[in-house]
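Asker: based on what follows, work out the 3D shape:
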Amino acid sequence: MKLKMPDFDVDHFVSDCRKRVQLEELRDDLELYYKLLKTAMVELINKDYADFVNLSTNLVGMDKALNQLSVPLGQLREEVMSLKSCVSEGIRAVDERMSKQEDIRRKKMCVLRLIQVIQSVEKIEKILHSQSSKELSLLEAKSPLLTGQILERIATEFNQLQFHAVQSKGMPLLDKVRPRIAGITAMLQQSLEGLLLEGLQTSNVDIVRHCLRTYATIDKTRDAEALVGQVLVKPYVDEVIVEQYVQSHPNGLQAMYNKLLEFVPHHCRLLREVTRGAMSSEKANTVPGYDFLVNSVWPEVVRGLEEKLSSLFNPGNPDVFHEKYTISMEFIQKFERQCGSQASVKRLRMHPAYHSFNNKWNLPVYFQIRFREVGGALEAALSDSLEEAPAGSSYCLLATHVVWVSLLKCWSDQMFLPLLAHRLWKFTLQILARYSVFINELLLRPISNESTKDNKKAVAASSKEPSGNPSLSEDQGNGTSPETQCLPSISNTQLVYVAADLDRLQEQLPELLEIIRPKLEMIGFKNVSCISGALEDSRASLSASMPTLNNKVVQDLSESCFSYLKSALEVPRHYRRTNKEVPTKASPYVDSALKPFYRLQNEYKDILKQSRINQWLESALSESTQKYYETVSDVLSSVKKMEESLKRLKQARKTVIPNHISSNGGMSDDNKIRLQLALDVEYFGDQMQKMGLQTSNIKSFSALIELVRTAKDQTTMEQP
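Answerer: You can find the predicted model right below:
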């Protein structure tokens, strides 16, 4: 409550409360609260009245008691402080003595280590000096193994010397002894190198084993591996790797790699036997910690290849580069199999020389050259020209043939490299996407009106169209709008070829997946569903062009057909007032109208699916029939209007109109027109059935046949 707060302010309290209540109400509440506090205070005093009264009585003599306690408490305090001072001095003295003892102990350890260093140096020097006398010469002549055992003893002592020398680092005495240690080190290494080379030259397993164990004892295994690399491996590598030999022989690189691989079984057999053990019984005598293939042989091989065969890594000729890279990777695999263990292979792959060798192969440049090579040929084929595919191809157009060849080439053994799998996969999708764009651009071209006999020649002839108009690219910079620029035309034959190629390419995409799958599994890629899904997306992109292509073909067929069917408008002109015989067969225009459909069925049945042909025929005939129905309906309506007009005129003149009835008293001209149209439509339907189509699937045909049959029945009823 705010009234109990130590920083209570009356003015602030009143100004705050008046915002919520009236001052009169605040005053009444405060008076009520005052009465409550007063009542509570009176009740508290009455409740503890006896304690209040006796409060002063209980405190009588309290000051004397406190004064009596102050003296002994002061004495006790002085005694405690004196004891604390004595204890602190004792602790300080103990700490000083312990610190001195620790310092003495450290100095003693340093002295002992220095003594040990001096003793080890003197002991080693004594052994070396004694063995350098005539006795050592006799022993060496008698048994080289004894020298190895002596060196192993020296190495053990030298190892202790090194340990104590490291612990005594910074001591003045050690600096004085250091030259003697350096001399011992040089002499020991020189002796070890000579003994190791002697053991390798004489194929003495025991000497090599003792020597390598000595190297391991003094922690100089890398020196032994470097010595083997310089003395044993380097001369052999320099002799084998000769650029002139590689370039002058057909299989020079392969032969060179085979000779390098022969080094391990022929020259490293003894070292592998000592460090690994040829048999299980020899495992106990092996010297661990060495890997001569990784640390001795491989670095020298890489050095020789990089220094003496620099043309090996030149990506200028992609075919040669691919061959060299493939042979080199096979060499690495065979070398890894000679390592003998997974741990050794892992060390090889982590070695800097291994990474240096792999980084020398400029795979990005190789891919760029291949990309331009394949992409350039593809773009040339996807130009405005539409040429036929070469003989033997499963495709009709050269463009589609090159697309498929490009896809196969990306994953062929002559171009594919495992480390470029991701780039080649992206390139594959780009090729399919580029072809999809190419198809969409083709569908924007107008259809050329070529004659039937020139259709087969048009594919080759259309390739000359773009070159005949070189101003197209020049006008693009002169502000000419795209709508005003003329696109090269495309023939209906080419449209058919495009449709056939699209269907064929979509069918072969699963074959491409089966070609890609083992290549990806080679690099450990298992998510084949992702790859198949991407190919399915590309296939869907290609199939998305089919509706537009179908419409374009159907429109062309329909227009070609109706260009003849509209000749039905000329039927009245042939029979009115011409006194022609009664028609008994269909008009010639019907056969002409059906020629594009016959040609589609007969000439393209080997490259198009029958379902595709039937789809086009039904759609085109449906559109043509609808227009044909409108035309026939207009003709019949015109004939009927003419007939009614003549009847009214006859009634008006009460005479017979000449030429309305034929001279032989037969069928009227109007009925001949109706009969001719009926014969045309019936023949039109018969020919559709001969093409294997159901007239019920042709829109508006049922209405058309009903229309002409009604007119034909009317003709029959009017006959006398």
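Asker: can you pull the phi and psi angles for R20?
Answerer: Note on R20: backbone dihedrals following degrees, to the nearest 10 are phi -110, psi -30.
Asker: now L397
Answerer: Recorded main-chain torsions at L397 are phi -100, psi 140, according to degrees, to the nearest 10.
Asker: how many residues are close by it?
Answerer: 22 (other Cβ atoms under 10 Å). Yep, even glycine has a C-beta here, placed from its N, CA and C like the rest.
Asker: tell me, what residue is most central in the protein?
Answerer: When Cα atoms, centre = their mean is applied to the chain, the residue found nearest the centroid is H422 (4.5 Å).
Asker: element containing that one, please.
Answerer: Element membership for H422, per DSSP states H and E: helix 421-442.
Asker: low-confidence ranges, the stretch 551-700 of the chain, go.
Answerer: When residues are selected by pLDDT under 70, those of the stretch 551-700 of the chain lie in 654-666.
Asker: helices of that one, residue ranges please.
Answerer: Secondary structure of the stretch 551-700 of the chain (DSSP state H, counting those that start in this stretch): helices at 571-575, 588-603, 610-653, 669-690.
Asker: please identify which of those is closest to G304.
Answerer: helix 610-653 (62.8 Å; Cβ to Cβ).
Asker: which other helices and strands contact that closest one?
Answerer: helix 546-565, helix 571-575, helix 588-603, helix 669-690, helix 701-718 (3 or more Cβ pairs under 8 Å, 6 or more residues apart in numbering; DSSP states H and E).
Asker: I'd like those written out as CSV, with distance to R209 and mean neighbour count added.
Answerer: As requested, the helices and strands packed on helix 610-653 are exported to CSV (distance: least, Cβ to Cβ, whole Å; neighbours: other Cβ atoms under 10 Å):
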stretch, distance to R209, mean neighbour count
helix 546-565, 77, 18
helix 571-575, 114, 18
helix 588-603, 85, 17
helix 669-690, 96, 21
helix 701-718, 100, 16
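Asker: quick revisit: between the helices of the stretch 551-700 of the chain, which gets nearest to S344?
Answerer: S344 sits nearest to helix 610-653 of all these, at 61.3 Å, using Cβ to Cβ.
Asker: mind showing which ranges of the stretch 351-500 of the chain have poor pLDDT?
Answerer: Scanning the stretch 351-500 of the chain for pLDDT under 70 picks out 384, 449-486.
Asker: where do the helices sit along it?
Answerer: Counting by DSSP H, counting those that start in this stretch, the segments of the stretch 351-500 of the chain that form helices are 352-360, 363-381, 398-410, 421-442, 455-461, 471-475, 492-522.
Asker: go through those and pick out the most buried.
Answerer: helix 398-410 (a mean of 21; mean count of other Cβ atoms under 10 Å).
Asker: contacts for that helix next, please.
Answerer: Helix 398-410 is contacted from outside by 374, 377-378, 381-382, 386-390, 393-395, 415-416, 424, 427-428, 431-432, 435, 438, 501-502, 504-505, 508, 512, 515, using Cβ atoms under 8 Å, 6 or more residues apart in numbering.
Asker: distance check, L417 against M329.
Answerer: 9 Å (Cβ to Cβ, to the nearest Å).
Asker: between those two, who's got more neighbours?
Answerer: Remark: of L417 and M329, L417 carries more neighbours, 19 against 15, as counted by other Cβ under 10 Å.
Asker: would you confirm that that one contacts H322?
Answerer: Yes. With contact taken as Cβ atoms under 8 Å, L417 and H322 are classed as touching, separated by 7.0 Å.
Asker: quick check: closest non-adjacent residue to A544.
Answerer: For A544, the nearest residue in space outside its immediate sequence neighbours is S436; the separation is 7.9 Å by Cβ to Cβ, 6 or more residues apart in numbering.
Asker: what's the answer for N362, then?
Answerer: Spatial nearest neighbour of N362, excluding adjacent residues (Cβ to Cβ, 6+ apart): P315 at 5.0 Å.
Asker: am I right that that neighbour is in a strand?
Answerer: No. Residue assignment for P315, taken from DSSP: H, G, I helix; E, B strand; the rest coil, gives coil, which places it outside any strand.
Asker: quick one: list the elements packing against the helix holding H422.
Answerer: helix 363-381, helix 398-410, helix 492-522, helix 528-543.
Asker: rerun that using 6 Å as the cut-off
Answerer: helix 398-410, helix 528-543 (3 or more Cβ pairs under 6 Å, 6 or more residues apart in numbering; DSSP states H and E).
Asker: point out where the stretch 1-150 of the chain drops to low pLDDT.
Answerer: In the predicted model of the stretch 1-150 of the chain, residues 1-4, 122, 125, 128-150 satisfy pLDDT under 70.
Asker: that one: helices as residue ranges?
Answerer: Taking DSSP H, counting those that start in this stretch as the test, the helices found in the stretch 1-150 of the chain are 10-17, 23-47, 49-58, 62-131, 134-142, 144-167.
Asker: the third one vs helix 23-47, what angle?
Answerer: Between the axes of helix 49-58 and helix 23-47, defined by axes from the mean of the first three to the mean of the last three Cα atoms, to 10 degrees, the angle is 60 degrees.
Asker: and the helices in the stretch 201-350 of the chain?
Answerer: Taking DSSP H, counting those that start in this stretch, the helices of the stretch 201-350 of the chain run over residues 205-217, 221-228, 234-240, 243-248, 252-267, 269-276, 292, 298-308, 318-339, 342-350.
Asker: for the ones you listed, which one sits closest to S619?
Answerer: When the helices of the stretch 201-350 of the chain are ranked by proximity to S619 (Cβ to Cβ), helix 318-339 comes first, at 48.1 Å.
Asker: and the angle for the closest one with helix 252-267?
Answerer: When the same axes, to 10 degrees is applied, the directions of helix 318-339 and helix 252-267 differ by 10 degrees.
Asker: pull helix 318-339 out as PDB, backbone CA atoms only.
Answerer: Output for helix 318-339, consisting of C-alpha atoms alone and laid out as PDB, is shown next (Å, rounded to 0.1, in the frame of the first residue of the first chain):
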ATOM      1  CA  PRO A 318      40.400 -33.500 -75.600                       C
ATOM      2  CA  ASP A 319      40.500 -37.000 -77.200                       C
ATOM      3  CA  VAL A 320      44.200 -37.400 -76.300                       C
ATOM      4  CA  PHE A 321      43.600 -35.800 -72.800                       C
ATOM      5  CA  HIS A 322      40.700 -38.200 -72.200                       C
ATOM      6  CA  GLU A 323      42.900 -41.200 -73.200                       C
ATOM      7  CA  LYS A 324      45.800 -40.100 -71.000                       C
ATOM      8  CA  TYR A 325      43.500 -39.300 -68.000                       C
ATOM      9  CA  THR A 326      41.800 -42.700 -68.300                       C
ATOM     10  CA  ILE A 327      45.100 -44.600 -68.500                       C
ATOM     11  CA  SER A 328      46.500 -42.600 -65.600                       C
ATOM     12  CA  MET A 329      43.400 -43.300 -63.400                       C
ATOM     13  CA  GLU A 330      43.700 -47.000 -64.200                       C
ATOM     14  CA  PHE A 331      47.400 -46.800 -63.100                       C
ATOM     15  CA  ILE A 332      46.400 -45.200 -59.800                       C
ATOM     16  CA  GLN A 333      43.800 -48.000 -59.200                       C
ATOM     17  CA  LYS A 334      46.400 -50.700 -59.900                       C
ATOM     18  CA  PHE A 335      48.900 -48.900 -57.600                       C
ATOM     19  CA  GLU A 336      46.300 -48.800 -54.900                       C
ATOM     20  CA  ARG A 337      45.800 -52.500 -55.200                       C
ATOM     21  CA  GLN A 338      49.500 -52.900 -54.600                       C
ATOM     22  CA  CYS A 339      49.200 -51.100 -51.300                       C
END
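Asker: buried set for it?
Answerer: Judged by neighbour count using 16 or more other Cβ atoms under 10 Å, the buried positions of helix 318-339 are P318, F321, H322, K324, Y325, S328, F331, I332, F335, E336, Q338, C339.
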